[in-house]
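Whatever this is, show me its structure:
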Amino acid sequence: MIRQSLLTCAVLSLLSACSTTSSPQNPEVKSAVSVQAFKQYSAETFYDTVNVMGSGFSNDGKSILVSSDETGVFNLYQLDAKTGDKIQLTKNTDTTYPVGYFPNDDRVLFTKDAGGNELFHLYVRELDGSVKDLTPGPKTRATMFGFSGDNSHFYVQSNERDMRFMDLYKYDTKTYKRTLLYKNESGLNIQAVSPDERYFVLSKSNSNKDSDLFLVDNQAKGQKPVLLSNVEHDATFSANSFSKDGQTLYYLTNAHGEFAQIWEYNLTTQAHKPYLVADWDITNMYFSESGRYRIHFVNEDSMTKLVATDLNTQKTIQMPELPAGNLRSVNFSKDEQKISFYLTSDTSPHNLYVWQFGAQQATQLTSSLNKAIDEKHLVTSTIERFNSFDGLEVPGVMYKPKQASKASPVPVVIFVHGGPGGQSVRGYRPEIQHLVNHGYAVYAINNRGSSGYGKTFFHLDDKKHGKDDLNDLIWGKKYLQSLDWVNKDKIGIMGGSYGGYLTAAALAFAPEEFEVGINIFGVTNWVRTLKSIPPWWESFRKALYDEMGDPATDEARHRAISPLFHAHNIVKPLMVVQGANDPRVLQVESDELVEAVKKNGTPVEYVLFPDEGHGFTKKKNRITASDAYLKFLQSHL
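Take a look at the predicted model:
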């Protein structure tokens, strides 16, 4: 995605796993590594998993609200918190995301858009199963903002009044009658509300390096908002939450070092002081119902580390013995006797667990990986680094196929994440494991401009897109060519969104470097894209322009870095994949690039999904896309 951060060919029939060690293009691999036999699986096999999201407990702690794609489209289910038995709650044709149960009964809130258009509405499912749209309107985009301190109301942000800005509404939990609490007329977004609604925290984006926080006291009529971002230099600030008693505001900032820390502001004394500090970015923090337990997350070198603390004892909670992997989406039951969470690894999709405090083991409620797949045949990633053209150390996530050896070197695909400003992280990616399983190494690069490695690294590509970040990819290729298990003449590139842009840019501006490119809904015409961003991005338009350049003054540079205007240089095979409903990268971007490259006589394949947006959520489409990637690489790499 742009700053704010993952086909028409026939689906392959289910491929029963056959023992082989040969790559599609390297049959000689078989004799070289036959002692390390393993199975290869089709895309359909990799995607024949049950993906689940959501981990919120019901009021009585007996159920968990999730969304599952077991029917091919994500819909809501109620899971038994002891057994994992489930009841389907919705049968929508569009991806449905869980918000949570109401605090005192089993009504549920959920959100969905239409075909990936990102105009999300908030819905309630009543106890009798009927569904009500709480935020109607053909152009409305709405998000849940949480419940009030006494659980008698909930808050919703909506742009129905002005498509550019999100207002805050207060809804009665019984009648759904609503009141406008905050009218956003200046682009200052509301980020937090104190439990008693006395205080609002507003944020203002000044640039992509600098933002401010303001505290509004609703009882002090006529008083100007208090500026909380109290530093002279550029720094980012964002509100995290209020304490349960409403006397302390916690906020995230990188004002005091390279990485984001959590600071606290005392509303009585007006004093600021550090609250949580780490050697990497702290990404989030929240508390249990009473405030006794605290959870926070650290983005440590492409891995998410979870820390749970009992604030009564100030001791870290020792989790039960679990398989290796990342923990995320932690939720407490209302009585604080148990927690739910997901565990994921490179070789296993995330699974939902419930743990009773003090118990020796946690209960696994889902088993997501297809039982036809033996985890031992999948690949665990490593973090590998290289020095780029200017000596900068650049990290990446490496997936080395089991086929790879000095005797049988394999092709490699450099995978570029979205953004600008995204990050490639460790964890299960079926499209990557599918390629690796079939003999293609994947290096998910974190080129300059990626998040997670400090603010200096993050800003190194500002207004240098298609140049310095592209050079990182080229020097990443040089690094890969130094590895004795890599086929030095067979290195391609692929990526989605901003990664799709860099893929197209690599083929247009360094036409002899990469053998193939797969552009997945990537920007190809920055002149058009920066003039046609969705209206609800208005509040951070300036931050985007600070990074990419203002189209009013930088059109010449935008034209110079746009692959579409240089498509005559593209001579290596290209695949383009696009969702027709994408509001960020419009379909016309991909249409025009494909037509331009065809004029070169260059092999180009185009895959268009009529029912997807910026990212593919329907299982059948993800399978088709993954199959298409592999077929394309088998044909051209």
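
CA atoms for contacts and neighbours, from now on please.
Noted.

now residue 61: how far from residue 355?
Separation of residue 61 from residue 355 (CA to CA, to the nearest Å): 12 Å.

Tell me, how many residues neighbour the nearest residue to residue 131 once chain neighbours are set aside?
Counting by CA to CA, 6 or more residues apart in numbering, the nearest residue to residue 131 once its immediate chain neighbours are dropped is residue 125, at 4.5 Å. Neighbourhood size, residue 125 [other CA atoms under 10 Å]: 18.

What is the longest helix of this structure by residue count?
helix 619-636 (DSSP state H).

Give me the distance between the helix or strand where residue 500 lies and the centre of its chain.
Per DSSP states H and E: residue 500 is located in helix 498-509. In terms of CA atoms, centre = their mean, to the nearest Å, the centre of helix 498-509 is set 20 Å apart from its chain centre.

got a list of contacts for it?
1-2, 415-420, 466, 470, 493-495, 513-514, 516-524, 561-563, 566-572 (CA atoms under 8 Å, 6 or more residues apart in numbering).

Show which residues not belonging to whichever strand in the chain runs longest make contact with it.
Assignment by DSSP state E gives strand 486-496 as the longest strand of the chain. Residues outside strand 486-496 that contact it (CA under 8 Å, 6+ apart): 6, 404-406, 409-418, 477, 480-481, 500-503, 514-522, 637.

ok, 7 Å please
The contact list for strand 486-496, computed with CA atoms under 7 Å, 6 or more residues apart in numbering, reads 409-418, 480-481, 500, 503, 514-522, 637.

Now do the helices in the chain.
Going by DSSP H, the chain shows helices at 29-32, 43-47, 430-437, 455-458, 468-481, 498-509, 526-529, 541-548, 555-560, 587-598, 619-636.

Could you tell me the least trusted of those?
For those, mean pLDDT drops lowest on helix 29-32, to a mean of 36.

Low-confidence regions, the stretch 151-300 of the chain specifically.
Across the stretch 151-300 of the chain, nothing is flagged by pLDDT under 70.

just the strands in it please.
Remark: strands assigned in the stretch 151-300 of the chain by DSSP state E, counting those that start in this stretch are 153-158, 167-172, 178-182, 189-193, 199-205, 211-217, 226-227, 237-242, 248-253, 261-266, 272-276, 281-287, 293-300.

for the shortest one, packing partners?
The criterion is 3 or more CA pairs under 7 Å, 6 or more residues apart in numbering; DSSP states H and E, and the helices and strands that strand 226-227 contacts are strand 211-217.

and the helices of the chain, which is most packed in?
Ranked by average neighbour count under the criterion mean count of other CA atoms under 10 Å, the helices of the chain are headed by helix 498-509 at a mean of 28.

could you give the angle of it to helix 587-598?
Interaxial angle of helix 498-509 relative to helix 587-598 (axes from the mean of the first three to the mean of the last three CA atoms, to 10 degrees): 30 degrees.

Now do helix 498-509 and strand 486-496, the angle between them.
Put simply, helix 498-509 runs at 120 degrees to strand 486-496, going by the same axes, to 10 degrees.

How many residues are close by residue 71?
11.

if we can go back for a sec, surely the residue nearest to residue 131 meets residue 133?
No. Using CA atoms under 7 Å, residue 125 makes no contact with residue 133, being 9.1 Å away.

Could you dump the strands of the stretch 151-300 of the chain into JSON lines with mean neighbour count added?
Formatted as JSON lines, the strands of the stretch 151-300 of the chain follow (neighbours: other CA atoms under 10 Å):
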{"stretch": "strand 153-158", "mean neighbour count": "22"}
{"stretch": "strand 167-172", "mean neighbour count": "21"}
{"stretch": "strand 178-182", "mean neighbour count": "14"}
{"stretch": "strand 189-193", "mean neighbour count": "22"}
{"stretch": "strand 199-205", "mean neighbour count": "22"}
{"stretch": "strand 211-217", "mean neighbour count": "20"}
{"stretch": "strand 226-227", "mean neighbour count": "14"}
{"stretch": "strand 237-242", "mean neighbour count": "23"}
{"stretch": "strand 248-253", "mean neighbour count": "24"}
{"stretch": "strand 261-266", "mean neighbour count": "21"}
{"stretch": "strand 272-276", "mean neighbour count": "14"}
{"stretch": "strand 281-287", "mean neighbour count": "21"}
{"stretch": "strand 293-300", "mean neighbour count": "19"}
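
of the ones you listed, which approaches residue 95 most closely?
strand 153-158 (19.9 Å; CA to CA).

got the contact list for the closest one?
Contacts of strand 153-158 (CA under 7 Å, 6+ apart): 140-148, 166-173.

Kindly report the same for stretch 401-418.
By CA under 7 Å, 6+ apart, stretch 401-418 touches 1, 21, 29, 32-33, 379, 423-424, 436-437, 439-445, 484-487, 490-499.

got the phi/psi numbers for residue 104?
Per-residue torsions, residue 104: phi -120, psi 10 (degrees, to the nearest 10).

what about it, distance to residue 178?
The gap separating residue 104 from residue 178 is 19 Å, by CA to CA.

what do you get for residue 563?
Distance from residue 563 to residue 178, by CA to CA: 48 Å.

now the nearest residue to residue 116 once chain neighbours are set aside, which residues is it bridged with?
Spatial nearest neighbour of residue 116, excluding adjacent residues (CA to CA, 6+ apart): residue 613 at 4.0 Å. Bridge pairing for residue 613 (DSSP bridges) gives the partners residue 615.
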